[in-house]
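Asks: Sequence and predicted model, in that order:
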Amino acid sequence: MKIATWNVNSINVRMPQLLGWLDRTGVDVVCFQETKTVDENFPLDDLKNAGYEVEFMGQKSYNGVAIISKFPIEEVQKNYLDDDDEAPKRLIAGTISGVRIVNTYIPNGSELWTDKFHFKLDWLQRLRRFFDDTCDINKDVLLCGDFNVAPDELDVWNVPAWEGKIHFSKPERAAIHHVKQWGFVDVFRKLNPEAKEYSWWNYREGAWQRNQGLRIDHIWTSRSLADKCTGCWIDKSPRGLERPSDHAPVVAEFVL
């Protein structure tokens, strides 16, 4: 089974690219972030016609998440249970072929020590509690999405330039490490231990052309599922297309 995560930065804008990518790669499950559309305008029919079941939760602004799958999606949860209807649409979970998949768009955080930064750190604490309360470490669990954090020095193109900046600050890295300590394995890093590869490049300053990026899109799994992972890679081809998302999809393959 191939499972991917992709911050599409507006699913309706990317639909021609997305449908071509799905047809070319044959990915079984895709978790999307930043769909940027209300539910009424979500391209449900296009994705169903491509052969996928779809669960989604939309929002007009910089949020919105979705899971599409060639297999049934069961036990769906949208956002944290204590969120109200006005909460940002940032988490959707479902069980597919026995794997509990949690797709999340972690807040960006803006500048350090602003209200948005504190919201990000709090949200990461809630994410850890979510796994403590609802998931079994001894079962197959997968967390993926746009984490908006580069956990390690290998994940940034220039460590001195990013030290203390948003996405790579010590508080963010500590908070995401706390989530990881639930029992997750970063399957990309497990299978590519020395790779300096990135999943996001700023639209400005020729970052894509210069490969000045960050690895902030991740697939983490419980240890039992990590043992079934045969490959994990960043597919940079969509990033080079006309009008691309600033993120590239990350794909992992499992023998289930």
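Replies: Noted; the coordinates are in hand.

Asks: Report the buried residues of stretch 217-236.
Replies: Buried residues in stretch 217-236, counting neighbours by 16 or more other CB atoms under 10 Å, are found at 217-222, 225-226, 228-229, 232-236. C-beta here means a position set from N, CA and C on the backbone, and glycine is covered the same way.

Asks: Can you name the two of those that sit furthest apart?
Replies: Based on CB to CB, the longest span within those runs between 222 and 236 and measures 27.4 Å.

Asks: still on that earlier bit, keep only those of the buried residues of stretch 217-236 that are in strands.
Replies: Counting by DSSP state E, the part of the buried residues of stretch 217-236 found in strands is 217-222, 229, 232-234.

Asks: residue ranges for the strands of the stretch 1-150 of the chain, please.
Replies: Counting by DSSP state E, counting those that start in this stretch, the segments of the stretch 1-150 of the chain that form strands are 2-7, 29-33, 53-57, 65-69, 74-78, 91-96, 99-105, 141-146.

Asks: Averaged pLDDT, stretch 76-96. What do you get?
Replies: The predicted model gives stretch 76-96 an average pLDDT of 94.

Asks: Tell me what the residue nearest the centre of the chain is bridged to.
Replies: Centrality entry for the chain: nearest residue to the mean C-alpha point is residue 145, 1.0 Å, by CA atoms, centre = their mean. On the basis of DSSP bridges, residue 145 is bridged to residue 104, residue 218.

Asks: For it, give me its contacts.
Replies: When contacts are counted by CB atoms under 8 Å, 6 or more residues apart in numbering, residue 145 is found next to 5, 7, 31, 33, 65, 102-106, 217-218.

Asks: Dump those residues into a markdown table; add distance to residue 54 and pLDDT as well.
Replies: Rendered in a markdown table, the data for these read as follows (distance: CB to CB, whole Å; pLDDT from 0 to 100):
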| residue | distance to residue 54 | pLDDT |
| --- | --- | --- |
| 5 | 16 | 98 |
| 7 | 17 | 98 |
| 31 | 12 | 98 |
| 33 | 15 | 98 |
| 65 | 12 | 98 |
| 102 | 17 | 98 |
| 103 | 12 | 98 |
| 104 | 18 | 98 |
| 105 | 17 | 98 |
| 106 | 22 | 98 |
| 217 | 21 | 98 |
| 218 | 23 | 98 |
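
Asks: Isn't residue 18 up against residue 8?
Replies: Yes. Applying CB atoms under 8 Å as the test, residue 18 and residue 8 come out as touching, 6.6 Å apart.

Asks: shaky segments in the stretch 1-150 of the chain?
Replies: By pLDDT under 70, the stretch 1-150 of the chain contains no weakly predicted segment.

Asks: swap the cut-off to 80 and go again
Replies: When residues are selected by pLDDT under 80, those of the stretch 1-150 of the chain lie in 60-62.

Asks: Could you list the residues in contact with stretch 41-59?
Replies: 11-12, 15, 19, 22-23, 30, 32, 35-39, 64-73, 76, 78-79, 88-89, 92, 94.

Asks: Buried subset of those as a ChimeraX selection?
Replies: Buried members of those can be picked out in ChimeraX with the line below, counting by 16+ other CB under 10 Å:
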select :11,22,30,32,35,36,37,64,65,66,67,68,69,70,73,78,79,88,89,92,94
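
Asks: which ones are touching the closest residue in space to residue 167 that isn't next to it in sequence?
Replies: Nearest residue to residue 167, sequence neighbours excluded (CB to CB, 6 or more residues apart in numbering): residue 150, at 5.5 Å. By CB under 8 Å, 6+ apart, the contact set of residue 150 is 156, 162, 167-168, 173, 214-216.

Asks: What about those, which one has the most neighbours?
Replies: Of all the contacts of residue 150, the most densely surrounded is residue 215 (26 neighbours; neighbours counted as other CB atoms under 10 Å).
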